[in-house]
Every structure is written in C-alpha cells, then in structure tokens.
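Novice: Structure of the sequence below:
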Amino acid sequence: MRAAFLTVLMVTVTLEAQEVRVTRTRRVQLPDNEISFISAVSPDGRWMLVSGHGYKGAYLTGKRGGKVLQISDAPGAGFEPRFSEDGRYLFFREDEFPDQKKVSSLIQYEMSTGDRKVVAEKASDLSAPTVSGNTLHFMSGGKIHSAKLDNASLKSGAPDIFVVSENLTPVVYLNGEARMVKPNGDGSYIWASLSPDRSKLLCYFAGKGAFVSDLEGKVLFSMGPISAPRWLNNRMVIGMEDHDDGYRVTGSEIVCFSLSSGQRMNITDTPSRAEMYPLPFPDGKNVVFQTPEGEIFVMRLKVK
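Specialist: Numbering: from 1, shown residues only. Okay, here's the model as predicted:
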C-alpha cells in the first residue's frame, strides 16, 4: 500500500464548553498482505492490533504502521480482543471449525516476551474477554470465569465491575453480582461498554440506535443512529453514521455525542471517503478508523 499524509478540512464542533477539532489525518502504512481491520489499541497507545478480512489473523503494528508482527493466523483472532489495563497482556480468541462446528480458544499473549498461554480451550460458546483491574473475565459453558493477572500494581480496593453480552443482552457484574440491563426491553443489544469511570453503560439497540444508561438500566441519553459507538472520554461518545444500499456501504462519517450538552455533531465531512469503526486511543486525542477499501487511518483530535 502506498503511504499518504492527508491534511483534512478541519471540522470544528462546539459542544457547550467542549470543542472538538480534527487537526490532521494520517494513513497508516501497512504491507500488502490483506490487513484491513483495526481491532484494538494498547493502553499506552504504542501498539495497534490489526487483522485481515473477516478478522482473520492478528498483527501488531505501531501508530504509523510500517512493520507488522503476526501473532496469530487463526480465524477470528482480530475480533474483540482486549489488552490488560497495564498493557502487559493481550487476550484474543482463535476459532477452529472441526466437523463444521465452531469452537474457540482464549489466548493470553505477553507483549514483552511473545509468550502464549491458553486460558480456555475449544469452547463452543466462548465470549469476548474483558478485564477489570487485575482480573480477566470471560463466559464459557453459560458461566462467568475469572482469572487473576500477576500484576500487583493493579490491585486496589476498587469494585470489580465489568459488562459482558449474554444472548445479545448486556449484563453488568458488580463484585460478582449480575444485573441484566435492558433499558429498551427485549431485543438485540450490541457494542456494549462501560464508561472509563465505569459509572455508565453505552450500547446500541437494534432498530432504535445508541444510548447511554446508568447501571440500573435508566436511559440517560438517546443518541440516534450512531453505529459502533465508543467512549472518547467520560463525557463524549464517538461512532459512525453509515449508509448502504443493501449491498455495499455508500457513505459513512464519524460523529460524536456530548453528554455535557446532549448534542450530536459530525467530526468528519468527507463524501469521497467512508470513515468507519472509529476506535479511540486511551489518550482521547487520537482515533484510528478504517475504510471499506481496507485502508486504515489515524486522526488527531483537539478536544477542549
């Protein structure tokens, strides 16, 4: 792939004491090996995990791209991975299809050494991993499983709180107690995540759009058709407004929603390029996204 540095039209959005401005967009340089999806960013922002078509394989690269390190060639390895909070470990699933039935294994990859450890092996219902403080959580066999990570610096008296999806319904766990959260009643809930301070739930409800609720299930903000929503910080959500003709994507812009003002605005305005699946860096100042053509970009934001 050719490298390019694009200076884009600066779009300024004023959101009641908050201003978001795109200051630059840079294409990530990647080799021509079918890498086309962005999956995760390490807590220190040093590493990005990218994958191939259909989330096959997993590769580590820097924010500017260049060389990549393949850590898995398995199907599904790039789908919903998770770093530990200190960035020491990366957790991801590897899928197999014996007798045309999918089974998945959960892999722990140590970033500094490249050592691999199988945490769960060949489960038919293995959920995406999630991390709360010094503990890894995942579902298998219809039950929550937990494993302590060996990093004493993450141990604290903070409550153990995380969210998992059970049959397309978000379930919030607080110190081992499960609470099913269905603010819009029965239906399909996807892209569930907790705010950085773990006080609010962000989710997308099929047929209605994205929303933010408290952990009891009371809707605080309805944001409309914002797909693939993510927390930019505790007071702002970023996502995409995409359109298709039933066969292909016809356009997509990155949008944000301010909880401070209750306003939603476009971050990008580029009809010639469809920006999709924005993934914020932990610093809240950089966002990586992809296009239907398989390109990956990092854009720099100025947030006031």
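
Novice: Any stretches of the stretch 51-200 of the chain with poor pLDDT?
Specialist: 151-158 (pLDDT under 70).

Novice: the helices in it, which residues?
Specialist: For the stretch 51-200 of the chain, none of the segments meets the definition of helices by DSSP state H, counting those that start in this stretch.

Novice: Can you show me the strands along it?
Specialist: Secondary structure of the stretch 51-200 of the chain (DSSP state E, counting those that start in this stretch): strands at 58-62, 65-72, 82-83, 89-96, 103-110, 116-123, 130-132, 135-140, 143-148, 161-165, 170-174, 177-180, 189-194, 200-205.

Novice: Let me have those in CSV, extended by mean neighbour count and distance to Val303.
Specialist: Backbone N, C-alpha and C define where each C-beta goes, glycine included. Formatted as CSV, the entries for those read as follows, by neighbours: other C-beta atoms under 10 Å; distance: least, C-beta to C-beta, whole Å:
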stretch, mean neighbour count, distance to Val303
strand 58-62, 22, 23
strand 65-72, 16, 24
strand 82-83, 21, 22
strand 89-96, 22, 27
strand 103-110, 20, 31
strand 116-123, 14, 36
strand 130-132, 20, 25
strand 135-140, 20, 30
strand 143-148, 14, 35
strand 161-165, 19, 25
strand 170-174, 19, 27
strand 177-180, 11, 32
strand 189-194, 18, 19
strand 200-205, 22, 18
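
Novice: gap between the residue located most distally from the centre of the chain and Ser124?
Specialist: Residue distances from the centre of the chain (C-alpha atoms, centre = their mean) peak at Asp99, which lies 31.1 Å from the mean C-alpha position. As defined by C-beta to C-beta, to the nearest Å, Asp99 lies at a distance of 11 Å from Ser124.

Novice: picking up where we left off before, roughly how far apart are the residue farthest from the centre of the chain and Gly76?
Specialist: Following C-beta to C-beta, the distance that separates Asp99 from Gly76 is 17 Å.

Novice: now swap in Ser36 and tell me
Specialist: 15 Å.

Novice: In terms of neighbours, single out the busier of the two.
Specialist: With neighbours defined as other C-beta atoms under 10 Å, Ser36 and Gly76 compare such that Gly76 has more, 23 against 20.

Novice: For that one, give me phi and psi.
Specialist: For Gly76, the backbone dihedrals (degrees, to the nearest 10) come out as phi 80, psi 0.

Novice: Next up, the contacts around it.
Specialist: 55-56, 93-95, 104 (C-beta atoms under 8 Å, 6 or more residues apart in numbering).

Novice: Now it. Nearest residue, chain neighbours left out?
Specialist: Excluding its sequence neighbours, the residue lying closest to Gly76 (C-beta to C-beta, 6 or more residues apart in numbering) is Asp95, at 3.7 Å.

Novice: Ser36 versus Gly207, what's the distance?
Specialist: For Gly207, the distance to Ser36 under the criterion C-beta to C-beta works out to 28 Å.

Novice: got it, and Val172?
Specialist: Applying C-beta to C-beta, the value for Val172 to Ser36 is 33 Å.

Novice: for Ile238, same thing?
Specialist: Shown here: Ile238 relative to Ser36, a distance of 21 Å by C-beta to C-beta.

Novice: Look up the pLDDT of Leu6 for me, please.
Specialist: The per-residue pLDDT reported for Leu6 equals 35.
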